[in-house]
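*Asks:* model this:
(one chain, ligands or ions: 2)
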Amino acid sequence: MTHPRRRPAPLRREAVLATVPVAVAALLTAAGPATAAGTAGASGVGDPYFPLAGNGGYHVSHYGLTLGYDPASRHLTGKAVLTARATQRLNRFDLDFKGLKITGLTVDHVKAGYRRDGQELVVTPARPLRKGRSFRVTVTYQGRPGPVTDPDGSLDGWIPTDDGAFVAGEPQGAMTWFPANNHPLDKSSYDITVTVPKGSTAVANGVLLGQRTRNGRTTFHWRQKEPMAAYLATATVGKFQVKQYTTRDGLKVYDAVDPREAAAAAPVLKKLPSVLAWESKLFGPYPYRAAGSIVDHAPNVGYALETQSRPVYDGAPDLSTLVHESAHQWFGDSVSLTSWKDIWLNEGFATYAEWLYAEQHGGDSAQKAFDALYARPATDGLWAFPPGNPGSGANIFGTPVYARGAMTLHVLRTTVGDRVFLRILRAWAEQHRYGHGTTAQFERLAERQSGKDLGRLFQTWLYDQGKPQQP
Ligand code: ARG
Ligand code: ZN
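*Replies:* Ligands and ions are numbered 1, 2, ... in the order given. Coordinates of the predicted model:
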């Protein structure tokens, strides 16, 4: 960790301590108010930090997004086809979609009614949808997309750059460029087709199925087959140098690099196959068939994101950032959150992967990283709030989530021993592969694998206020 880190902004606010406990079961069945005509899908899945994120009453199995973007005018045209299934009778349901103008909306090819209310797009199909029914929503739209400002003050969503757009959606921004069930509880496959002026490149998730240039415009067709949360989708556009190759393990790598970042990025990106191979040894098989990196030149962004199969960086990353975003492919992307409150399951794990990588590649031991952090005084921001209960959406990318989250894993490791610790990480990745996991499930798994009562440990490190006593 010799380079300055480009990481989410440190906390800018004090922790808000009140939280709303929400059972996962309740999240999964969030139902809207019953009306005489039927039922309406809820306007959110019940996330305590982002109450309007996602929607109730249906799941999306596939998104087909067809976009056109002109970097010069910053104009986007879009068509989104969502294949979904009703989990309750629906006389209306919501999508999350903010900003862009809607030019058409159908449900099963029949014009549907809609109105907009902030980020909620309230759709009323011509006829109510029976519970269990599959249906298709088609939305056409256009305009000049822009980002949302997150509770922590950072930008997220469609972020225009000087030659295109940096597109990242954690936690909220997906809805700035496509209508979505915008919560990690709902995961889907994606086809993302983007047309840009010839000479520009549009990079999304998964495998590049095809690329063709016609009449001065180039169309890129990407497919992400394995389930993906909406926040992990990207369609980053820019003037990129592209490199494609297949690794010894058969992964299809696609790197897109802004020429201004190329010299600094090259030695780091070169390591991606060996980083993924090392992480596969530790965490189990890499979850995707595609890989790669998008290195943009976006100095106003200030963070990188683990966009599925192909992280996006706001500038040339250092090696530990590449290790971090790669580890998220297991922890965060394949194993997803059910609630943003559990964010340490993403950030604590990815940070601990950095520590393990350093330890096994001639750098500092994880113990040394732990000790350096533990030496910080009780007044340091590191101890401002507990990672298992950040308190609000403004804190989910704060230092305690990353650093004290990783410290929690280190204390677990020293308590159960290296072998059992790695078994726990692997079992976590395997048992929840392509699905979801909660903090409570992780605690139970660690206890099962170790045969130890770890209640005290997790209580102290994840939930207690203030600096914990020396472990
Ligand atoms: N998950 C990203 C990382 O750890 C950080 C995303 C920060 N996003 C934000 N809107 N502040 O690399
Ligand atoms: Zn991260």
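*Asks:* quick check: residues of the stretch 301-450 of the chain near ligand 1?
*Replies:* Contacts of the stretch 301-450 of the chain with ligand 1, taken as CB under 6 Å from any ligand atom, map to 303-306, 324-325, 347, 397. All C-beta atoms are positioned from the backbone trio N, CA, C, and that covers glycine.
*Asks:* mind redoing it with 8 Å?
*Replies:* The stretch 301-450 of the chain comes close to ligand 1 at residues 302-306, 311, 321, 324-325, 328, 332, 346-347, 350, 397, 402, as judged by CB under 8 Å from any ligand atom.
*Asks:* let me see the ranges of the helices in the chain.
*Replies:* 24-28, 262-269, 272-283, 319-327, 344-360, 366-374, 399, 405-416, 418-431, 439-450, 455-458 (DSSP state H).
*Asks:* distance to Gly146, mean pLDDT and mean neighbour count added to those, as a markdown table?
*Replies:* Shown next, in a markdown table, are the helices of the chain (distance: least, CB to CB, whole Å; pLDDT from 0 to 100; neighbours: other CB atoms under 10 Å):
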| stretch | distance to Gly146 | mean pLDDT | mean neighbour count |
| --- | --- | --- | --- |
| helix 24-28 | 30 | 41 | 14 |
| helix 262-269 | 27 | 98 | 16 |
| helix 272-283 | 31 | 98 | 18 |
| helix 319-327 | 24 | 99 | 23 |
| helix 344-360 | 26 | 99 | 24 |
| helix 366-374 | 37 | 98 | 17 |
| helix 399 | 28 | 98 | 23 |
| helix 405-416 | 31 | 98 | 22 |
| helix 418-431 | 36 | 98 | 17 |
| helix 439-450 | 34 | 98 | 17 |
| helix 455-458 | 40 | 98 | 15 |
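*Asks:* residues contacting Gly78?
*Replies:* Going by CB atoms under 8 Å, 6 or more residues apart in numbering, Gly78 touches 65-68, 100, 139-142, 177-178.
*Asks:* now stretch 168-175 - C-alpha only, CSV.
*Replies:* What follows is stretch 168-175, C-alpha atoms only, in CSV (Å, rounded to 0.1, in the frame of the first residue of the first chain):
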residue,chain,number,x,y,z
ALA,A,168,-21.4,3.0,-11.6
GLY,A,169,-24.4,2.4,-9.5
GLU,A,170,-23.5,1.7,-5.8
PRO,A,171,-25.7,2.1,-4.0
GLN,A,172,-28.4,4.0,-5.9
GLY,A,173,-27.3,5.1,-9.4
ALA,A,174,-28.6,2.4,-11.7
MET,A,175,-31.9,4.2,-11.8
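*Asks:* show residues contacting that stretch.
*Replies:* Stretch 168-175 is contacted from outside by 50, 53, 96-98, 119, 147-148, 150, 155-159, 176, 180, 182, 230-234, 301, 303, 305, 307, 312, 340, 393, 396, using CB under 8 Å, 6+ apart.
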